[in-house]
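[1] pasting a predicted model and its sequence here:
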Amino acid sequence: MTQPTDPIWDMMGQLFQQHPWHGVTIGPDAPELVTCYVEMVSNDTIKYELDKVTGHLKVDRPQKYSNICPTLYGLIPQTYCAEKVAERCNERLERDDIVGDNDPLDVCILTEKNINHGNFFLQAIPIGGLRMLDGNEADDKIVAVMKDDRLYGHIRDIEELPKPLIDRLRHYFLTYKEAPDYLSSDRATRRAVEIPEIYHREEAYEVLRRSQEDYMEYFSHIKGMLTKMLRGPWFEIPSHPKAKDN
């Protein structure tokens with residue numbers, strides 16, 4: 001899943017754990033096949049999320065109510081939701097006030113397997129997404145299937161999924177922050193979270209490409225700066241002691 005392109009980063013990878021957001025690539029076959037970092041599994045009653053500074057998984061909060069996410073849930077490395085993602089959301093919804101949420105792109109991954117904990121990587125095939133708004137922030141949820149999954153692995157578009165499964169996803173994201181008394185009141189018609197569009201595979205690809213562009217705009221300097229610092233005039237790639245001259 002990592003794509004080393006520089007000997008110095010090869011060696012650093014043997015000493016240090018790579019940051020799940022910045023240190024692991026989305027994969028060479030994106031957007032058709034992407035690397036995903038799983039933060040939560042479908043039986044979690046605690047909401048876990050990646051600490052963006054340290055790269056460790058942390059507790060965000062206990063799930064407040066009884067609903068749980070019906071899929072694996074996490075993020076796609078080296079993506080970011082900023083101007084280009086927000087621009088696409090504004091185009092599709094004919095608005096001009098939506099901004100990015102300044103987070104990695106979220107992903108819901110379908111699999112038949114019962115996985116007990118998060119904090120791992122897998123490869124998944126994007127098949128669509130939920131265009132979610134949290135206030136005026138774009139908070140897209142890419143929907144994907146785990147590569148080679150026996151039950152879902154053949155699916156290539158969100159329209160192939162059973163409608164009740166999509167309904168469960170929508171219900172979770174629309175309600176997981178809100179108390180039952182709020183949902184039964186008149187205020188529920190003015191909720192902050194909304195999902196105005198469920199989109200197909202090609203639109204998911206477009207959102208993914210834009211999130212990669214946003215990431216490059218904001219974070220492409222990180223690796224270059226570190227490489228320059230580490231490479232100083234003293235840097236020399238050592239030969240392996242068992243290597244033989246040709």
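    Everything's here; your move.

[2] and the next helix or strand past the lowest-mean-pLDDT helix or strand in the chain?
    In the chain, no helix or strand scores lower on mean pLDDT, DSSP states H and E than helix 180-183, which sits at a mean of 58. Going down the chain from helix 180-183, the next helix or strand is strand 193-199, by DSSP states H and E.

[3] which elements pack onto that next one?
    helix 83-93, strand 120-134, helix 163-175 (3 or more C-beta pairs under 8 Å, 6 or more residues apart in numbering; DSSP states H and E). C-beta here means a position set from N, CA and C on the backbone, and glycine is covered the same way.

[4] hmm, who's touching that strand?
    Outside strand 193-199, the residues that touch it by C-beta atoms under 8 Å, 6 or more residues apart in numbering are 92-93, 128-134, 158, 166, 170, 173-174, 177-178, 207.

[5] could you do stretch 94-107 as well?
    Taking C-beta under 8 Å, 6+ apart as the rule, stretch 94-107 contacts 21, 34, 36, 50, 73-77, 79-83, 85-86, 89-90, 124, 126, 133-134, 136-144, 207-208, 211, 214.

[6] just the C-alpha atoms of it, please, in PDB.
    Extracted as PDB, the C-alpha positions of stretch 94-107 are listed here (Å, rounded to 0.1, in the frame of the first residue of the first chain):
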ATOM      1  CA  GLU A  94     -26.500  25.100  -7.300                       C
ATOM      2  CA  ARG A  95     -25.200  27.000  -4.300                       C
ATOM      3  CA  ASP A  96     -22.300  29.300  -3.600                       C
ATOM      4  CA  ASP A  97     -21.900  29.200   0.200                       C
ATOM      5  CA  ILE A  98     -20.500  25.700   0.800                       C
ATOM      6  CA  VAL A  99     -16.900  25.400   2.000                       C
ATOM      7  CA  GLY A 100     -14.700  22.300   2.700                       C
ATOM      8  CA  ASP A 101     -14.600  20.800   6.100                       C
ATOM      9  CA  ASN A 102     -10.700  20.800   6.100                       C
ATOM     10  CA  ASP A 103     -10.500  17.000   6.900                       C
ATOM     11  CA  PRO A 104      -9.400  13.900   4.900                       C
ATOM     12  CA  LEU A 105     -12.100  12.400   2.700                       C
ATOM     13  CA  ASP A 106     -14.300  10.000   4.700                       C
ATOM     14  CA  VAL A 107     -15.100   6.500   3.400                       C
END
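
[7] buried stuff in that stretch?
    Residues 98, 99, 100, 101, 103, 104, 105, 106, 107 are the ones in stretch 94-107 that count as buried (16 or more other C-beta atoms under 10 Å).

[8] show me where the chain has strands.
    Using DSSP state E, the strands found in the chain span residues 34-40, 46-50, 57-62, 72-75, 99-100, 106-110, 120-134, 137-138, 141-146, 193-199.
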